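no sequence on this one, just coordinates:
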């Protein structure tokens, strides 16, 4: 059963001529299989920094702390090794890759994660089923990766990857960003399908509570000032909806 553990994580980023700036200041978090965790907080609180640091983005320097997946040192792994180990990151702003079709990208990704290429017939069947689940037009598979995609298409494609790659832990960064109501429902259903097995964990990063109407978190964590300043259940998201982040932002600044 998958377990992602983050312990006292400190992360800095380059800050121009001023050197580096510390963004995360001691984050502790554990995501176990069968759990959905929501990270909420004001802009600039460090939510996306956590996602990219765990995924291994070179811009983010881990200065201290530990990240393990099933006891294995994630920080010692390359980006592709993290993916093969079972970590998945759905980015807030997916990159465009002209000339590479969605279908070819997905089959290559599955080959990299599984260690061998899926048989073409099996891959086609899996892809067709996953696309139907997400109400994606079959012609989508032949389009260049993210090129000219709407916000909703980009997010559906991220969840399409999730369904096909079947990671142990999915880190979803602002998956609800730019989605209309219909697309939000479809994407949320995909997240719920992924978590329904009870064998995977979800770390959902969001600024707003609207996705939590469809994806019910087991735990809610409030980020402010680069660390977790409050933990709770779904009721904490309701409180944030009604009262906002002001008192938690003050708490983060005071630490």
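Cool, got the structure. The shown structure was predicted, so the numbers you read here are calculated from the model rather than taken from an experiment. Residues are numbered from 1 along each chain as shown.

look at residue 78 and say how many residues are nearby.
Residue 78: 9 surrounding residues under other Cβ atoms under 10 Å. Heads up, the C-betas are built off the backbone N, CA and C, glycines and all.

before we move on, what about the one 4 residues further on?
For residue 82, the count of nearby residues is 22 (other Cβ under 10 Å).

what sits against it?
54, 55, 56, 69, 74 (Cβ atoms under 8 Å, 6 or more residues apart in numbering).

now swap in residue 233 and tell me
217, 218, 219, 220.

6 Å instead, please
Counting by Cβ atoms under 6 Å, 6 or more residues apart in numbering, residue 233 touches no other residue.

for the one 4 residues further on, same thing?
For residue 237, the contacting residues are 209, 212, 220, by Cβ under 6 Å, 6+ apart.

out of the contacts of residue 82, who's the most crowded?
Going by other Cβ under 10 Å, residue 54 tops the contacts of residue 82 with 26 neighbours.

what about the host helix or strand of residue 81, average pLDDT?
Assigned by DSSP states H and E, residue 81 belongs to helix 79-85. For helix 79-85, mean pLDDT rounds to 93.

again, but for stretch 245-254
73.

circling back: can you tell me which of the contacts of residue 82 lies closest to residue 89?
The shortest separation between residue 89 and any of those is 4.1 Å, and it belongs to residue 55 (by Cβ to Cβ).

who's in contact with that closest one?
Contacts of residue 55 (Cβ under 6 Å, 6+ apart): residue 89.

ok, 10 Å please
74, 79, 82, 83, 87, 88, 89, 91, 171, 173 (Cβ atoms under 10 Å, 6 or more residues apart in numbering).

quick one: which of those residues sit in strands?
Among those, the ones falling in strands (DSSP state E) are 87, 88, 89, 171, 173.

switch those residues over to TSV; also include neighbour count and distance to residue 61.
Shown next, in TSV, are these (neighbours: other Cβ atoms under 10 Å; distance: Cβ to Cβ, whole Å):
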residue	neighbour count	distance to residue 61
87	24	19
88	23	22
89	23	17
171	25	18
173	22	19
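
can you list the contacts of residue 55 in JSON lines and add distance to residue 161?
Formatted as JSON lines, those follow (distance: Cβ to Cβ, whole Å):
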{"residue": "74", "distance to residue 161": "19"}
{"residue": "79", "distance to residue 161": "15"}
{"residue": "82", "distance to residue 161": "15"}
{"residue": "83", "distance to residue 161": "10"}
{"residue": "87", "distance to residue 161": "13"}
{"residue": "88", "distance to residue 161": "7"}
{"residue": "89", "distance to residue 161": "10"}
{"residue": "91", "distance to residue 161": "10"}
{"residue": "171", "distance to residue 161": "13"}
{"residue": "173", "distance to residue 161": "13"}
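
quick one: which of the residues you listed is nearest to residue 107?
Closest approach to residue 107 among the contacts of residue 55 (Cβ to Cβ): residue 83, at 14.9 Å.

could you find the closest non-adjacent residue to that closest one?
residue 113 (5.9 Å; Cβ to Cβ, 6 or more residues apart in numbering).

pull the contacting residues for the one you found.
Residue 113 touches 80, 83, 84, 85, 86, 88, 164, 165, 166, 167, counting by Cβ under 10 Å, 6+ apart.

what's the closest non-adjacent residue to the fifth one?
Read that as residue 86. In space, residue 86 is closest to residue 168, 3.1 Å off (Cβ to Cβ, 6+ apart).
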